[in-house]
Structures are given as C-alpha cells and as structure tokens.
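Chemist: Sequence unavailable; structure follows:
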Ligand code: HBI
Ligand code: FE
C-alpha cells in the first residue's frame, strides 16, 4: 500500500508499528473540530439515504449503538455496548494492516478500525478504510449475532486460506457479503455490506441503478467471481436471509478450494445460465466508462 494517511505515513511500508498487533490508541481527544465535521457530513448524508435501503439488522444495530452526527465515535463507548452484545470489540489501527494481522484480529472478535478520518476533499472515495467506513459501515452489523459469527469465521478461515494458497477465493466471499452484500426482505432488496452502507453514491447505485446485475448468492459461484476495488460493482449477490451466513460460517472450504481452482474465474459482469437472476443489469454504467477512458478491465 502506498496511500498516504493524514500522518504522512503509508500503511504497510511505514515500518513496524509499536504494537505487534498493529493497534494504536484511538486518541479520541485529539480529533479536531474539522475532523468531527467530516464525520458529521458523512453521517448525515448516509442517515438520510439508509431508511428503506439498509436491512433491518443494520438499522437496529445503529439504533442501539452510541453513534450520532455530532462526533466521531469513541471506541471505548462503542465497546461498552458492543462487547456485552456479541463479544466483539473495535480496536484502532493506522489503516490497512497485513492480511495475517487482520485475520488474527477477526478470529478473536476484534475489529480493526482505521483511526483516521478522510479529508474533506475525499468524501466520496478513498482507498484505505477510515473510521467512517469501518465504524459506520461495519460496526452496526457486528451487533448482529449471525454477522458476528460469520466475520469471526472469516478471520479463522483467512489464516487457513493463506496457508492453503487460496486466499483470493475466500476474499471474494468477504467482498460480496460483508462489504457489498444485499439481502431480500419483505419490502424488497436491502443492503447490508459495509462498503455500500458507508458510500453515498453506491448505496443508491446498488439498489436503484438499472446497470448492475443482482444475482442469488451461491458460494461456489462467488468464489470464482473477480471484483472491482476502484469502482461500483458490476454484480451484487443477494442472500435470501441473513441467517444464510450461519451455514456459510460452518463450511469446510478446503475441498471447495480444490474443486473451484479447476474452474475458470469469472469477470465481475458475467451472468451464467445457472444464476438465479433477480435483476439482469444493462451494464450501461460500466460500458460508458469503458469507452470513455482506458480505466477498467
Ligand atoms: N486491514 N484495516 C484493514 N481493513 C481491512 O478491511 C483489511 C485489512 N487488511 C487486509 C484486508 N482487509 C483484506 O486484504 C483481506 O480481507 C483479504
Ligand atoms: Fe470494510
């Protein structure tokens, strides 16, 4: 990683942090008024969008946490509510941490959250997860017992996938669930992924745009599907119920890696005859971008 943080360091190549587990003090008292103001802007924009878009578990988690527009949340106060609920804790890190460090935290029910907040000129996009993405996007779902178990299992599974050399396949599962997942509810499709819940533009795009595909979640299929880290997704995968993650947390991935490694990977916008298609996207968003620039795949 070479994205500078506000401290002028670059995560990953900034040298070893003081703590072996890469945690740092949140230093809540040191946030400036301008930093709290960035939080307020982001928080208010998302809270206006999420009713009718975020799933019930997200809304409930948000309601129960000490989070509001006024200030960047204090992790100690979050943990006082989160830890008794699901056994999870939020710990501060400088930004992206190495995979094995990340997985070890998750396997122990510690969620590493960026300590810093994006600058006012980065409201809509930044590469590294900051406190708004990590806390606003992820922590409400960590209040949900099913998601709590699933992310812990991902941490343990990540360490195993690394040793088996198949982390790419497991990372796709995380991406299309924890970060960009949709779920069916009585009122229609809802978002639960933190990458979309914390994004002003994508929280609308993922549900309202005619462009992306919305496909039934199928594990072996998702494990083969590459994803975009630099733009809206071309496909979203839809769970029938959040409880489907319980079964996923119990899957033995080792044989699946072997079987799936035999099959070709899929492009982010591919649709298969075997897919359950909720909505077939017309792809207009990415088509325009592909013809108007050289960016894209
Ligand atoms: N570090 N802080 C942080 N947050 C992440 O989401 C994260 C990370 N390091 C590695 C990582 N994610 C991913 O590459 C793995 O989930 C595969
Ligand atoms: Fe995230």
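Modeler: All right, it came through fine. Just so we're clear, the structure is a prediction, and the values are computed from it rather than from any experiment. Ligands and ions are numbered 1, 2, ... in the order given.

Chemist: from here on, contacts and neighbour counts on C-alpha atoms
Modeler: Fine.

Chemist: what residues does the stretch 51-200 of the chain put near ligand 1?
Modeler: When proximity is defined as CA under 6 Å from any ligand atom, the stretch 51-200 of the chain approaches ligand 1 at 95-99, 102, 112-113, 171.

Chemist: Who does the residue nearest to residue 191 when sequence neighbours are not counted form a beta bridge with?
Modeler: Spatial nearest neighbour of residue 191, excluding adjacent residues (CA to CA, 6 or more residues apart in numbering): residue 182 at 4.3 Å. On the basis of DSSP bridges, residue 182 is bridged to residue 191, residue 238.

Chemist: mind checking how far residue 182 is from ligand 1?
Modeler: Distance of residue 182 to ligand 1, given as CA to the nearest ligand atom, to the nearest Å: 18 Å.

Chemist: give the contact list for that residue.
Modeler: By CA atoms under 8 Å, 6 or more residues apart in numbering, the residues touching residue 182 are 189-193, 236-239.

Chemist: and what of residue 235?
Modeler: Contacts of residue 235 by CA under 8 Å, 6+ apart are 212-215, 268-269.

Chemist: picking up where we left off before, could you work out the most separated pair of the contacts of residue 182?
Modeler: Spanning the widest gap among the contacts of residue 182 are 189 and 193, at 12.4 Å by CA to CA.

Chemist: neighbour-wise, which of those two wins?
Modeler: residue 193 (25 against 22; other CA atoms under 10 Å).

Chemist: Looking at the more buried one now. What's its pLDDT?
Modeler: On the pLDDT scale, residue 193 is placed at 98.

Chemist: distance of the residue in the chain positioned nearest to ligand 1 from residue 142?
Modeler: Nearest residue of the chain to ligand 1, counting by CA to the nearest ligand atom: residue 96, 3.7 Å away. Distance, residue 96 to residue 142, using CA to CA, to the nearest Å: 19 Å.

Chemist: For the host helix or strand of residue 255, name the packing helices and strands.
Modeler: Element membership for residue 255 (DSSP states H and E) is helix 253-261. Applying 3 or more CA pairs under 8 Å, 6 or more residues apart in numbering; DSSP states H and E, one finds that helix 253-261 contacts helix 145-164.

Chemist: Check which helices and strands the helix or strand that the helix it packs on is followed by is in contact with.
Modeler: Later in the chain than helix 145-164, the nearest helix or strand by DSSP H and E is helix 167-174. Judged by 3+ CA pairs under 8 Å, 6+ apart, helix 167-174 is in contact with helix 145-164, helix 219-222.

Chemist: which one of these has the most crowded surroundings?
Modeler: Of those, the one with the most neighbours on average (mean count of other CA atoms under 10 Å) is helix 145-164, at a mean of 20.

Chemist: ok so, going back, any chance of the helices and strands packed on helix 167-174 in a markdown table with mean pLDDT and distance to residue 273 as columns?
Modeler: Below are the helices and strands packed on helix 167-174 laid out as a markdown table (pLDDT from 0 to 100; distance: least, CA to CA, whole Å):
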| stretch | mean pLDDT | distance to residue 273 |
| --- | --- | --- |
| helix 145-164 | 96 | 29 |
| helix 219-222 | 97 | 12 |
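
Chemist: Reformat the ones you listed into JSON lines and put distance to residue 47 next to each item.
Modeler: Output for the helices and strands packed on helix 167-174, formatted as JSON lines (distance: least, CA to CA, whole Å):
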{"stretch": "helix 145-164", "distance to residue 47": "21"}
{"stretch": "helix 219-222", "distance to residue 47": "30"}
